[in-house]
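> Model the following, please.
(one chain, ligands or ions: 2)
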Amino acid sequence: MLFDLKPKTRREDLYDRENELSEFQNAVNLGERLILLLGIRRLGKSSLLNVALAESGMPYAKIDVRSLYFTHGSIPQEILARKILDSLLSTVSGRKSLRLRLEKVLGSIRGVRISGLSVEFDRKPDLAEILEKISSWAENENLRAIIAFDEAQYLRLSGIRYDGLIAYAVDNLPGITFVLTGSEVGMLHDFLGLENPKKPLFGRYAREIVLQRFRLEESVDFLTRGFEEVGIKPSEEEIKGAVEKLDGIVGWLTMYGYLRGIRKLSHANAIDELFNMAEKLIREELSSILQNSRRYGAILKAVAMGNVRWSTIKEYVEFKMGQVNDAKFSLLLNNLVKYGYLEKRGNEYTIPDPVVKEVVKGL
Ligand SMILES: Nc1ncnc2c1ncn2[C@@H]1O[C@H](COP(=O)(O)OP(=O)(O)OP(=O)(O)O)[C@@H](O)[C@H]1O
Ligand SMILES: [Mg+2]
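Numbers count the residues shown, from 1 in each chain. Ligands and ions are numbered 1, 2, ... in the order given. Just a heads-up that it's a prediction; the model follows:
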């Protein structure tokens, strides 16, 4: 069902994304080692990832790095290793002999025990060694093991050099493909440093799949089809009205469809309720960056109110919060671009998500 709020897992519930799916499959078939799935929040990265992994025909492990980070406050190797192994074992659970051979390979690592469906460590696991074993197993099976880190930019906050580990694997482990998704696109690029000579992944090739918002006709078609599925037929004006407010951001369109089509609210109430829910979500999402500097809030508000240039944004921020030096201000502004809250085109800054734009006006 198109209006299910959870990230999609089945192709029949995923609207379009045909090109992205085939590009993903193509990269896997070519044996590429590093795939990036990028896009601002709520464009459907996790959904695309789920479906692409399920359709790849390959064994895979998928780790939600953002939720690991928020659960543990960091990402210890042991927990990451356990998640990778649990997830990988469960995706091969239906292929008995394949799974047995994987268990055997993993069991040969000192300190690793497989008991039933879960993995135990008798001592601190060595993630590099685990990846080596997974790679050689996959090669022997004539498969690739895909290891996907959803919202991978959080790996940078762990205090462990996961960029170095990924670089090692990309260079030396031909049986593994890494997939990294990121909504904080600039932060993910910084973490990987593919173009930064000081970083371990410098100069490596990555396949970048960048998710775009739906075009106007696609958004209208998405809503129309979703409403057909649940057997209601809102007017064209309502659908156009919703798309005007939500643009082609599939997460908001899905939420509107859910409120209007499944909760059966009127158009006006569905829009009101969507903005209520969105406000809570967005405030929560912003809270961690606002903790670092309250000026982030003032910058976003300045842009939401129509200031697009460095100088006018700075003027507004100083009017609200007192003086800030140029370098510090530029740093904050650039960070917001890296987090995906702002977009920079030429010399102009904008907020790419119209719902975020409305919400930050009230900050
Ligand atoms: N192609 C699609 N067809 C139908 N629904 C979709 C599609 N892509 C995403 N959705 C829906 O949109 C919402 C957001 O999707 P998803 O969580 O996959 O996006 P995301 O980019 O990973 O978001 P976030 O940045 O918050 O992690 C979910 O309700 C999901 O079901
Ligand atoms: Mg996601």
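
> Show me how the record splits the protein into domains.
With automatic domain parsing as the criterion, the domains of the chain are listed as 17-210, 293-363.

> right, and those - which one's nearest ligand 2?
Closest approach to ligand 2 among the domains of the chain is made by domain 17-210 (3.2 Å; C-beta to the ion). (C-beta placed from N, C-alpha, C; glycine too.)

> I'd say Asn196 and Arg204 touch.
No: contact criterion C-beta atoms under 8 Å: Asn196 and Arg204 do not qualify, at 11.2 Å.

> For these two, indicate the residue with more neighbours.
The neighbour count for Asn196 versus Arg204, taken as other C-beta atoms under 10 Å, is higher for Arg204 (17 against 13).

> So the more buried one: helix, strand or coil?
In the three-state summary, Arg204 is assigned as coil, counting by DSSP: H, G, I helix; E, B strand; the rest coil.

> what's Glu315 in contact with, if anything?
Contact criterion C-beta atoms under 8 Å, 6 or more residues apart in numbering gives Asn307 as the residues in contact with Glu315.

> now Arg99
Leu89, Val92, Ser93.

> Distance-wise, check it relative to Thr91.
Arg99 sits 9 Å away from Thr91, taking C-beta to C-beta, to the nearest Å as the criterion.

> ditto for Leu85
Taking C-beta to C-beta as the criterion, Leu85 is separated from Thr91 by 11 Å.

> What of Leu180?
18 Å.

> quick one, which of those two is more surrounded?
More crowded of Leu180 and Thr91, by other C-beta under 10 Å: Leu180, with 24 against 19.

> number of nearby residues for the residue in the chain that ligand 1 sits nearest to?
Minimum separation of the chain from ligand 1 (C-beta to the nearest ligand atom) falls at Gly44, amounting to 2.5 Å. Look at Gly44: counted by other C-beta under 10 Å, it has 25 neighbours.

> Tell me the predicted confidence for the nearest residue to it once chain neighbours are set aside.
Sequence neighbours aside, Val250 is the residue nearest to Gly44 in space, at 4.8 Å (criterion: C-beta to C-beta, 6 or more residues apart in numbering). Note on Val250: pLDDT of 98.

> Val250 is in contact with Arg215, isn't it?
No: distance between Val250 and Arg215: 11.8 Å, which falls outside the contact criterion (C-beta under 8 Å).

> Counting neighbours, go ahead and name the busier of those two.
Of the pair Val250 and Arg215, Val250 is the one with more neighbours under other C-beta under 10 Å, namely 25 against 10.

> wait, what's in contact with that one?
Shown in contact with Val250 (C-beta under 8 Å, 6+ apart): Tyr15, Arg42, Leu43, Gly44, Arg213, Phe214, Phe222.

> name the element the last one belongs to?
In this case it means Phe222. When secondary structure is defined using DSSP states H and E, the element that contains Phe222 is helix 216-229.

> Pull out the buried positions in that helix.
When burial is assessed from 16 or more other C-beta atoms under 10 Å, helix 216-229 yields the following buried residues: Glu218, Ser219, Val220, Phe222, Leu223, Gly226, Phe227.

> That one: how far from the chain's middle?
Helix 216-229 sits 24 Å away from the centroid of its parent chain (C-alpha atoms, centre = their mean, to the nearest Å).

> for that helix, packing partners?
Counting contacts by 3 or more C-beta pairs under 8 Å, 6 or more residues apart in numbering; DSSP states H and E, the secondary-structure elements packed against helix 216-229 are helix 236-246, helix 250-257.

> Look up the closest residue to Leu223, ignoring the ones flanking it.
Once its chain neighbours are removed from consideration, Leu223 has its nearest residue in Ile239; the separation is 5.0 Å (C-beta to C-beta, 6+ apart).

> from what I can see the one you found touches Phe222, true?
No: counting by C-beta under 8 Å, Ile239 stays clear of Phe222, with 9.6 Å between them.

> who in the chain is up against ligand 2?
Lys45, Ser46 (C-beta under 5 Å from the ion).

> what about 6 Å?
Remark: the part of the chain in contact with ligand 2 comprises Lys45, Ser46, Asp150, using C-beta under 6 Å from the ion.

> In helices, which of the contacts of Val250 fall?
Counted as lying in helices by DSSP state H, out of the contacts of Val250, are Phe222.

> Looking at the contacts of Val250, spot the one nearest Arg345.
Each of these was checked against Arg345 using C-beta to C-beta; the closest is Arg213, at 15.0 Å.

> pretty sure that closest one is touching Asp247, no?
Yes: Arg213 is in contact with Asp247 according to C-beta under 8 Å; the separation is 6.0 Å.

> These two: which has the busier surroundings?
Higher neighbour count among Arg213 and Asp247: Arg213, with 21 against 17, using other C-beta under 10 Å.

> Look up the pLDDT of that one for me, please.
Reported pLDDT at Arg213 in the predicted model: 97.

> And for the one 10 residues further on?
Predicted confidence (pLDDT) at Leu223: the value is 98.

> Contact partners for it?
Pro234, Ile239, Ala242, Val243, Leu253, Tyr256, Gly257.

> Okay, strands next: where are they in the stretch 1-150 of the chain?
34-38, 60-64, 112-115, 118-121, 145-150 (DSSP state E, counting those that start in this stretch).

> and among the ones you listed, the most buried is which?
Of all the strands of the stretch 1-150 of the chain, strand 145-150 has the most neighbours on average by mean count of other C-beta atoms under 10 Å, namely a mean of 25.

> what helices or strands is the helix or strand just after that strand leaning on?
Per DSSP H and E, strand 145-150 leads on to helix 162-172 as the next helix or strand towards the C-terminus. In terms of contact count using 3+ C-beta pairs under 8 Å, 6+ apart, helix 162-172 is assigned the packing partners helix 127-140, strand 176-182, helix 185-192.
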